[in-house]
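Engineer: Structure for this input, please:
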Amino acid sequence: MGISLGGFFGWLILGGLAGWIASKIKGRDAQMGIVANILVGVVGAILGGALLGLFFDVSSFGLFASFLTAILGACILLGLLNMIRK
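Structural biologist: Numbering: from 1, shown residues only. Take a look at the predicted model:
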């Protein structure tokens with residue numbers, strides 16, 4: 001059960017969008033590029049899914065709820081990075 005090419009690009013696109021939105025929310029826009037947005041979005045999706053998985057059955061989430069989870073996780077990740085930098 002591997003990931004298809006379309007699924008891979010879907011992860012990149014949604015990860016990039018989630019990272020970009022999170023950077024706007026957290027005020028880090030000038031410091032992040034597209035690669036950083038993608039990384040923050042994808043890692044944020046994993047982090048958000050793991051955290052919400054403690055309380056909810058995330059396997060039943062739809063695409064929109066999963067996207068919101070990625071944004072939430074990316075915001076948490078950026079907050080943690082801000083704390084580490086200071």
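Engineer: drop to CA atoms for contacts and neighbour counts, all remaining ones
Structural biologist: Will do.
Engineer: for the chain, what are the low-confidence residue spans?
Structural biologist: Within the chain, the ranges that satisfy pLDDT under 70 run 1-6, 28-31.
Engineer: what's the spacing between A45 and F64?
Structural biologist: To F64, A45 is 12 Å away according to CA to CA, to the nearest Å.
Engineer: and what of L77?
Structural biologist: Distance from L77 to F64, by CA to CA: 20 Å.
Engineer: swap in I38?
Structural biologist: Going from I38 to F64 by CA to CA gives 18 Å.
Engineer: Looking only at neighbour counts, state which of L77 and F64 leads.
Structural biologist: A side-by-side neighbour count of L77 and F64, using other CA atoms under 10 Å, places L77 first with 21 against 9.
Engineer: Phi and psi next, for that one.
Structural biologist: Backbone geometry at L77, expressed as degrees, to the nearest 10, gives phi -60, psi -50.
Engineer: Repeat that for G62.
Structural biologist: Dihedral angles (degrees, to the nearest 10) for G62: phi -90, psi -180.
Engineer: since we're on it, how many residues are nearby?
Structural biologist: When neighbours are counted by other CA under 10 Å, G62 comes out with 9.
Engineer: now the one 3 residues further on
Structural biologist: In terms of burial, A65 registers 12 neighbours under the definition other CA under 10 Å.
Engineer: secondary structure class for it?
Structural biologist: Reduced to three states with DSSP: H, G, I helix; E, B strand; the rest coil, the structure at A65 is helix.
Engineer: right, and L72 touches V42 too?
Structural biologist: No. In this structure L72 lies outside contact range of V42 using CA atoms under 8 Å: 11.4 Å.
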